[in-house]
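[1] could you work out the structure for the sequence below:
(one chain, ligands or ions: 1)
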Amino acid sequence: MENFHPNFKKQTGKLKVCLLVLISVLIARCEAPKQSPPDVVHPIPHSRQLSWQDMEFYAFAHFNMNTFTNMEWGMGDEDPALFNPTDFDPAQWAKVCKAAGMKGIIITGKHHDGFCLWPTATTEHSVKNAKWKDGKGDIIKEVSDAFRKEGLKFGVYLSPWDRNHPDYGKPEYIEVFRQQLRELLTNYGEIFEVWFDGANGGTGYYGGANEERRVDKKNYYDWPNTYKIIRELQPDAVIFGDAGPDVRWVGNEHGFAYETTWSNLMRDSIYGGMPEYASRYAAGQENGTHWVPAEADVSIRPGWYYHEYEDHKVKSLPQLLDIYYKSIGRNSSLLLNFPIDKRGKIHENDIEQLMKLVDKIKEDFDTPVPIEEDYLSANTSRGPGFGVGEILNPDMDRYWAAEEGRDNASISIEFEHPVAFNRLLVQENIALGQRVKSFDLEVQGENGSWEKIASGTTIGYKRILRLPDTRASSIRFTINDAKDSPTISHLALFNAPRLLLPPQVSRDKSGMVSLEPSEAGLETYYSLDGSDPAKNGRLYSGKFEVLMPATLRAISRDPLTEAFSDPVAVNLQLAKKNWQVVTPGENAIHLIDDDPGTNFFTEQDRVIVDLGDTYSLQGFTYFPMQNRYMSGLITSYSFLVSEDGNTWKQVRSGEFGNIANSPIEQRVDFPTTRARFVQLRALEKTDDNPASFAEMGVIAD
Ligand code: FUL
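    Predicted structure coming up:
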C-alpha cells in the first residue's frame, strides 16, 4: 500500500464522497420519485391562448372617423377628408399604457363606417384621402411602431360590417374584407389579437344606395376560411368574437364577468351577433367543448368614441375598481377602452382616472400576507413535485395537485400570530383544464370551531374575492367540488387598505340627506354649520333632514388606521319637499325629484314650479339630461318669477354656453327677489325635440 501514489488516499476519499452522494440521490429518487402530472381535463388552452391569458390587462383605442363627426356609429357617407387629428401622438398612448401596466393595445383599424386607418388598396375610404398628412399618413403603422418601442403588443379591430362599401351584403365584399385582413396581418409586424365585432348588418350608405342590408350572420362571412388567413399569417394571434374561436365576448359592455365564469364553451352552437348570446352563453359552460375564455371590454367613458360632452363623465375610481375586481378577479381579461380625442391623444381626464386605478391596485396587491411553507398543509397531494408548498410560487407550471380521482380537497394555513386580510387570490393551472366548481374559505375561531367567511364557484386563471376585514391565525381553503382532481397554482392573501374617499352626498325630494361611504367599514362625519367635520362633525348613522339652504361638509374616516379622506363640501339648496310642478305632463315630477337620472320632456318648452311658500331667491339651477344620447337641451333661456302665479317678471335671460359639449349643472345668479312661483323658458335648444330637464332648483337665502 505504501507504494501507492501519495494522492491515492485523497482520490479514494473523493471517490467515496461521490459514491455516497450518488447513492443518496438514488435513494432519494427511490423514496420520492416525481409523480407524473395529472391528466388534462378537456378542453384545454392552446399555447397562443395561454400567452394571451398572461396579458390580463390591455387597452382598446377607439379612434376613427367617428372621432371627428362626434358619432358612435357613422353611416359610411362621411367625407374621408374629415379625419384630421391635430396632434396625433401614439408615443403618448404607449407611454400611458406602459405606465399603467397594460400589456398591449387593440385599435379600431376599421369601424362600422368603413373608414380605414391605413392606406389600404381595397377602398378610397381611408387615410389616403384624409386631410391628415395630406393623405400620406398611416395610423396603424405609427401606433404599432410606438407600442413595439415600449415593448408592448399590438392588435387590430376590423369591423366585418362596412356601411360604406357598395358591395356589403354581396359575396364580393367578403374578398374585400379578407384583403383588408391580409394587409393588416402582413404589414405591421406581430399581431396578438384580431377583434371581430358581433354588431353587423343594417342600414348604411353602401356606396350611395342608402338602404338596409341584413346578412346571415352565421354564414355570410364564411368564418372558417377567414380564420385560416389569420392562422396562416399570424399563427400566434388569438381571434376574438362572440363565438371565439379563441377569445369570447363577456356579453356586456360594463366590463363585468360573472361569479361563475367558465372558460369552456359549446363553441359550435354559437355565432357572432347571435341574439341570445349574452343571456345563454356569455358566462361559459362547465361542459363546454372548447377553450374560449372571456374578455371584458369596457370604455373608461360612457361612449366608445370621444365626445367632448363626456369629458366630465370619465369613470370614477370606485367604478373602475369594481370593473377590475369583476373582470380580472373573475377569470376574464380586461380590455379597457380609451376614446382617443380629436388631437389624437388619450385625454388628460382619462389618464388621471386610469392612474388612480393603477395606484389603488398596486396598493391592494403590493404585499401578500407572508405564508410559511412549514405552516401550510393539505389533506391530499398527488405526491412529490405537487406538494402544497407549490401554491406559494406564482408560476403556473408550479402547482399543487390533489390525488388522482378526488374531486374535493382542503388546504390549511397556520400563522404564529393572527394576521389581517381582506382579499383572497387563487389560480388554477389552466394548462390542465379548468376544474374547480365550488370552494369555501373558513377561519378558525378561538373556541376551535370553523367559520365560513366566503364561498365561490369557479376559479380558472384567476379569481379574487373581496372579503370583510378578517383576523385569524388558522385559515382553511376547501374545494368542495371539481370536474376532476383539482390543481391550484397560486393562492395568496392580501390586506388591501380601504378606499378612503369622501362620502357621496345625495338628497331626495323630501329633503332627506344620505351619505354613502366609498367602502363598507368607514365612518362618516358631517357638519352643517361650517365647522370642520373631522374635528366637530357628527357621526353619520342614517338619513337626516335638511330643508333650508345649508353647506354640508363631510369626511370619511378609517377606524383601523384612523386616517381621514379629503373633505367634501356641498351647497344644499332649498329642499323640494313642498314644491309642485304646475306645468302639466306625464313624469313632470322628474323635474324636481332630485334625481338627475330621470328626465321631464315638455312640448311647451317651459316649466312652472310652485315652491309652496314665498322665498328670497337669488338664482336658479338647470341640470340637463345626462343620458348618453341627449335631446332638447336648453341653450338659450329666460327665467321669470311671480308671487301669485299670474303676474310674471323676467329676472334673467341668457345662454348656457357649451352645454351640448359639457352637459353639467348650470347655475345662474340674479339680484335677490321675493317669489313663490318660478318659470324657466327654453328660447333655443340643441334640436327641435321637446325641451328636456333632468332637474331644476332655486338658490334661496
Ligand atoms: C360594439 C360596437 O358596435 C361599438 O361601437 C364598439 O366598437 C364596441 C367595442 O363593440 O359592438
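
[2] got the contact list for the nearest residue to residue 661 once chain neighbours are set aside?
    Counting by C-beta to C-beta, 6 or more residues apart in numbering, residue 308 is the residue found nearest to residue 661 once chain neighbours are left out, at 4.0 Å. No exception for glycine: its C-beta is placed from N, CA and C like everyone else's. Contacts for residue 308 (C-beta atoms under 8 Å, 6 or more residues apart in numbering) come out as 70, 661, 662.

[3] now do the contacts for residue 653.
    636, 637, 638, 639, 683.

[4] can these go into JSON lines with extra columns for pLDDT?
    Below are the contacts of residue 653 laid out as JSON lines (pLDDT from 0 to 100):
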{"residue": "636", "pLDDT": "96"}
{"residue": "637", "pLDDT": "98"}
{"residue": "638", "pLDDT": "98"}
{"residue": "639", "pLDDT": "98"}
{"residue": "683", "pLDDT": "97"}
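
[5] closest to residue 511 out of the residues you listed?
    residue 639 (23.3 Å; C-beta to C-beta).

[6] what is the subsequent helix or strand relative to whichever strand or helix holds that closest one?
    Per DSSP states H and E, residue 639 falls inside strand 634-642. Note on strand 634-642: by DSSP H and E, the next helix or strand toward the C-terminus is strand 649-655.

[7] how many residues are close by residue 344?
    21 (other C-beta atoms under 10 Å).

[8] any idea how far it is from residue 85?
    Distance, residue 344 to residue 85, using C-beta to C-beta, to the nearest Å: 3 Å.

[9] mind listing the strands for the stretch 351-500 of the chain?
    376-378, 400-401, 409-427, 436-444, 450-456, 463-482, 487-488, 490-494 (DSSP state E, counting those that start in this stretch).

[10] I'd like to know which of the ones you listed is closest to residue 229.
    Across the strands of the stretch 351-500 of the chain, closest to residue 229 is strand 409-427 (C-beta to C-beta), at 34.1 Å.

[11] per-residue pLDDT, whichever residue of the stretch 351-500 of the chain sits closest to the ligand?
    In the stretch 351-500 of the chain, the residue that lies nearest the ligand is residue 354 (17.8 Å; C-beta to the nearest ligand atom). Looking at residue 354, its pLDDT is 98.

[12] if I look at it, how far off is residue 333?
    17 Å.

[13] can you get me a residue count around residue 512?
    17.

[14] without its sequence neighbours, what residue ends up closest to it?
    Going by C-beta to C-beta, 6+ apart, residue 512 has residue 543 as its nearest residue, at 4.4 Å.

[15] isn't that neighbour up against residue 516?
    No. Residue 543 lies out of contact with residue 516 (C-beta atoms under 8 Å); the separation is 10.9 Å.

[16] so those two - more neighbours on which side?
    Neighbour count, other C-beta under 10 Å: between residue 543 and residue 516, residue 543 has more, with 14 against 11.

[17] and residue 471, how many residues sit next to it?
    Quick note: residue 471 (other C-beta under 10 Å) scores 12 neighbours.

[18] so what's it bridging to?
    Per DSSP bridges, the residues bridged to residue 471 are residue 420.

[19] cool, and the one 4 residues further on?
    Bridge pairing for residue 475 (DSSP bridges) gives the partners residue 413, residue 443.

[20] who are the contact partners of it?
    Here residue 475 is in contact with 412, 413, 415, 441, 442, 443, 444, 493 (C-beta under 8 Å, 6+ apart).

[21] can you count the residues close to the second one?
    It stands for residue 413. Residue 413 has 21 nearby residues by other C-beta under 10 Å.

[22] next one: the third one
    Other residues within reach of residue 415 by the criterion other C-beta under 10 Å amount to 17.

[23] who are the contact partners of the residue nearest to it when sequence neighbours are not counted?
    Nearest non-adjacent residue to residue 415, counting by C-beta to C-beta, 6+ apart: residue 473, 4.5 Å away. Neighbour list for residue 473: 414, 415, 416, 417, 418, 419, 444 [criterion: C-beta under 8 Å, 6+ apart].

[24] could those go into JSON lines alongside distance to the ligand and pLDDT?
    As requested, the contacts of residue 473 are exported to JSON lines (distance: C-beta to the nearest ligand atom, whole Å; pLDDT from 0 to 100):
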{"residue": "414", "distance to the ligand": "47", "pLDDT": "97"}
{"residue": "415", "distance to the ligand": "45", "pLDDT": "96"}
{"residue": "416", "distance to the ligand": "50", "pLDDT": "95"}
{"residue": "417", "distance to the ligand": "49", "pLDDT": "94"}
{"residue": "418", "distance to the ligand": "46", "pLDDT": "95"}
{"residue": "419", "distance to the ligand": "42", "pLDDT": "97"}
{"residue": "444", "distance to the ligand": "47", "pLDDT": "95"}
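
[25] wait, which of these is closest to residue 463?
    Closest to residue 463, out of all of the contacts of residue 473 and judged by C-beta to C-beta, is residue 419, at 20.3 Å.

[26] thought residue 474 was touching the closest one, still the case?
    No. Counting by C-beta under 8 Å, residue 419 stays clear of residue 474, with 10.3 Å between them.

[27] what's the domain layout of the chain?
    The chain breaks down by automatic domain parsing into domains covering 47-365, 373-494, 504-572, 580-700.

[28] got a markdown table for those domains, with distance to residue 38 too?
    Formatted as a markdown table, those follow (distance: least, C-beta to C-beta, whole Å):
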| stretch | distance to residue 38 |
| --- | --- |
| domain 47-365 | 17 |
| domain 373-494 | 5 |
| domain 504-572 | 39 |
| domain 580-700 | 49 |
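
[29] got the end-to-end distance for stretch 597-617?
    26 Å (C-alpha to C-alpha, to the nearest Å).

[30] which element is residue 324 on?
    Per DSSP H and E: helix 317-327 holds residue 324.

[31] touching the ligand at all, the helix or strand just after that helix?
    Once the chain leaves helix 317-327, the next helix or strand it forms, by DSSP H and E, is strand 332-339. No. Shown here: strand 332-339 not in contact with the ligand (C-beta under 6 Å from any ligand atom), separated by at least 6.9 Å.

[32] residues from the protein in reach of the ligand?
    Counting by C-beta under 6 Å from any ligand atom, the chain sits next to the ligand at 72, 73, 197, 199, 297, 304.

[33] which residues touch the nearest residue to residue 311 once chain neighbours are set aside?
    Nearest residue to residue 311 in three dimensions, chain neighbours excluded: residue 349, at 5.7 Å (C-beta to C-beta, 6+ apart). For residue 349, the contacting residues are 311, 312, 314, by C-beta under 8 Å, 6+ apart.

[34] what's the closest of those to residue 383?
    Comparing the contacts of residue 349 against residue 383 with C-beta to C-beta places residue 314 closest, at 52.2 Å.

[35] is it true that that closest one lies in a strand?
    No. The assignment for residue 314, made by DSSP: H, G, I helix; E, B strand; the rest coil, is coil rather than a strand.

[36] oh, and call the first residue 26 from now on, that's how I've got it
    All set: I'll call the first residue 26, so the last point we hit is now residue 339.

[37] for it, phi and psi?
    As for residue 339, its main-chain torsions (degrees, to the nearest 10) stand at phi -70, psi 140.

[38] quick one: it and residue 376 touch, right?
    No. The pair residue 339 and residue 376 fails to qualify as a contact (C-beta under 8 Å) at a distance of 9.4 Å.

[39] can you pull out the strands in the stretch 576-725 of the chain?
    Secondary structure of the stretch 576-725 of the chain, counting by DSSP E, counting those that start in this stretch: strands at 588-589, 593-597, 605-606, 625-627, 631-648, 659-667, 674-680, 691-710, 716-718, 720-725.
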